[in-house]
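Visitor: Sequence and predicted structure, then a few things I'm wondering about:
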Amino acid sequence: MNIKIYAMTHKAFEVPDDPMYQPLHVGREGKADLGYPGDNTGENISHLNCYYSELTGLYWLWKNCKDLDYVGTCHYRRFLLNRHDLMFTKAELENLLQEYDLITTKRVILNNSYHYGFSANHNIHALDTAGEVIRDLYPDYYDAYITLVHQNETYFGNMFVTSKALFDEYCEWLFTIFAEVEKRIDLDTDEDAYHKRVLGFISEFLLLVWVRVKGLKVYECKVGMTGEKAETRELKETLAEYFRKKDIEGAKEYFLKRKAERPDVMMEASDVSGELRICMQIIATAGMEMEAYGHSILDKVSEYRELVEIFTRLNQLITRQKQSQCENAQRDEQMQNFIEKNHISDVALKVAEKIYESVRT
């Protein structure tokens, strides 16, 4: 089989050694050359990347790659993994594609319906308009769209491997829908760059709709991360400076502003280490300590890495204590030593306990 997996990227990265993996610079039009093939050659919509995100790469593959038997997509830092949690080899994909029509991510199970979650984070008019277009152009897909949009699952990342024939069929369906959506809504809103990528977000869900209606046999697999987002790294580095200056209010204001601009930084796929959640805990704890005592843990410890380690360990000890059902008993010696050594206040303990309860429920 002639198989290529295209790693969509907008920045330089460490390209896998396996020649099956090919970098593709998406949104290349008007951007600096990274030394990779770009999505702005041949027939393309590279200039629409701000609305379509990595889909401009899919469009380029659809229109310009004619000699492949099978084609796949991944990201510069996200790859589909085999059952050994390693990147797929060509031989493994060949075997799976003998039995399955499509290989993609495990479905994400949401806390609420997809429609509810989308409305909380994006322009719901765009999603509803996509549904109206499906009703008008592809009525056989409309019932599935309505059913699934009010259920709680979706695919994510636009990462999948399939035959080029199925890939082309999917792209024909998807981009026909979006071309009509573009006519019915105003994409040039005053939203920030993240939220303007609305068509890219909707497409993740529409893959599930297409797969269900087509009745495809799908192999779902894990996604591996090779690093964290640049936005996530920048957020951590800036918070570290606020902690170092003991500026709790500044840290809180900055964190909330960045979270509003880029809610994806808190997703597990972005905050791989979970450190941003720990940062939220540090900010909340320090702020409540200032109100209660007039000082906070930052007066004792202000280095980012040390703070993260202390609060991570605190959460581990709280979890152990709760799970051993000894929360009403005298604290064990290890916990007491940790509290005294690391200046853990009653406020810090209460915050950690609330976090434990929220995660458990």
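Guide: Noted; the coordinates are in hand.

Visitor: Where does pLDDT dip in the stretch 151-300 of the chain?
Guide: By pLDDT under 70, the low-scoring segments of the stretch 151-300 of the chain are 190, 227-230, 264-273.

Visitor: can you rerun that using 80?
Guide: Per-residue confidence of the stretch 151-300 of the chain (counting by pLDDT under 80) places the weak regions at 189-194, 225-233, 260-274.

Visitor: need the strands for it, in chain order.
Guide: Using DSSP state E, counting those that start in this stretch, the strands of the stretch 151-300 of the chain run over 153-154, 160-163, 218-221, 223-225.

Visitor: out of the ones you listed, deepest packed?
Guide: Highest mean neighbour count among the strands of the stretch 151-300 of the chain (mean count of other Cβ atoms under 10 Å): strand 160-163, with a mean of 22. Placement of C-beta: from N, CA and C, glycine included.

Visitor: on that earlier part again, as CSV, the strands of the stretch 151-300 of the chain with distance to residue 101 would be great.
Guide: Shown next, in CSV, are the strands of the stretch 151-300 of the chain (distance: least, Cβ to Cβ, whole Å):
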stretch, distance to residue 101
strand 153-154, 19
strand 160-163, 6
strand 218-221, 7
strand 223-225, 19
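
Visitor: Go through those and name the closest to residue 281.
Guide: Among those, strand 223-225 comes nearest to residue 281, with 22.3 Å by Cβ to Cβ.

Visitor: what's in contact with the closest one?
Guide: Residues from elsewhere that reach strand 223-225 (Cβ atoms under 8 Å, 6 or more residues apart in numbering): 77-81, 85-87, 105-106, 157, 159, 269, 272.

Visitor: nearest to residue 185, of those residues?
Guide: Distances from residue 185 to the contacts of strand 223-225, taken by Cβ to Cβ, are shortest for residue 157, at 23.5 Å.

Visitor: ok now do residue 23, which residues does it touch?
Guide: 6, 7, 9, 13, 15, 34, 36, 37, 76.

Visitor: list the contacts for the residue lying closest to the fourth one once chain neighbours are set aside?
Guide: When you say that, I think you mean residue 13. Leaving aside its chain neighbours, residue 13 sits nearest to residue 76 (4.1 Å; criterion: Cβ to Cβ, 6 or more residues apart in numbering). By Cβ under 8 Å, 6+ apart, the contact list for residue 76 reads 7, 8, 9, 10, 11, 13, 23, 226.

Visitor: Taking the residues you listed together, which two end up most distant?
Guide: Once Cβ to Cβ is applied, the contacts of residue 76 give 10 and 226 as the farthest pair, at 15.1 Å.

Visitor: between these two, who's got more neighbours?
Guide: residue 10 (18 against 14; other Cβ atoms under 10 Å).

Visitor: which residues does that one contact?
Guide: 25, 26, 27, 31, 76.

Visitor: quick one: which of those residues is most hemmed in?
Guide: Busiest of the contacts of residue 10 [other Cβ under 10 Å] is residue 26, holding 29 neighbours.

Visitor: Check the gap between the residue nearest to that one when sequence neighbours are not counted and residue 70 for me.
Guide: The shortest distance from residue 26 to any non-neighbouring residue, by Cβ to Cβ, 6+ apart, is to residue 57 (4.1 Å). For residue 57, the distance to residue 70 (Cβ to Cβ, to the nearest Å) stands at 16 Å.

Visitor: So the two - more neighbours on which side?
Guide: For residue 57 versus residue 70, neighbours defined as other Cβ under 10 Å are more numerous around residue 57 (29 against 22).

Visitor: That one looks like it's in a helix, true?
Guide: Yes: using DSSP: H, G, I helix; E, B strand; the rest coil, the assignment for residue 57 is a helix.

Visitor: Confirm for me that it is in contact with residue 22.
Guide: No: counting by Cβ atoms under 8 Å, residue 57 stays clear of residue 22, with 10.7 Å between them.

Visitor: shared neighbours of those two, anything?
Guide: residue 6.

Visitor: Which stretch among the strands of the stretch 151-300 of the chain approaches residue 200 most closely?
Guide: Once those are compared by Cβ to Cβ, strand 153-154 is nearest, at 13.0 Å.

Visitor: Run me through the strand neighbours of that closest one, direction for each.
Guide: strand 108-109 (antiparallel) (DSSP bridges).

Visitor: Now for the residue nearest to residue 26: which residues touch it?
Guide: 6, 8, 24, 26, 39, 73.

Visitor: ok, now which ones touch the fourth one?
Guide: Listed by Cβ under 8 Å, 6+ apart, the contact set of residue 26 reads 8, 9, 10, 38, 39, 46, 49, 53, 54, 56, 57, 60.

Visitor: at 10 Å what do you get?
Guide: 6-10, 36, 38-40, 46, 49, 52-60, 75-76 (Cβ atoms under 10 Å, 6 or more residues apart in numbering).

Visitor: so of those, which ones are in strands?
Guide: Under the assignment DSSP state E, the contacts of residue 26 contribute 6, 7, 8, 9, 75 to strands.

Visitor: Save these as JSON lines, and put in pLDDT, distance to residue 185 and neighbour count too.
Guide: Shown next, in JSON lines, are the ones in strands among the contacts of residue 26 (pLDDT from 0 to 100; distance: Cβ to Cβ, whole Å; neighbours: other Cβ atoms under 10 Å):
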{"residue": "6", "pLDDT": "98", "distance to residue 185": "28", "neighbour count": "24"}
{"residue": "7", "pLDDT": "97", "distance to residue 185": "30", "neighbour count": "24"}
{"residue": "8", "pLDDT": "97", "distance to residue 185": "24", "neighbour count": "26"}
{"residue": "9", "pLDDT": "96", "distance to residue 185": "28", "neighbour count": "22"}
{"residue": "75", "pLDDT": "93", "distance to residue 185": "26", "neighbour count": "22"}
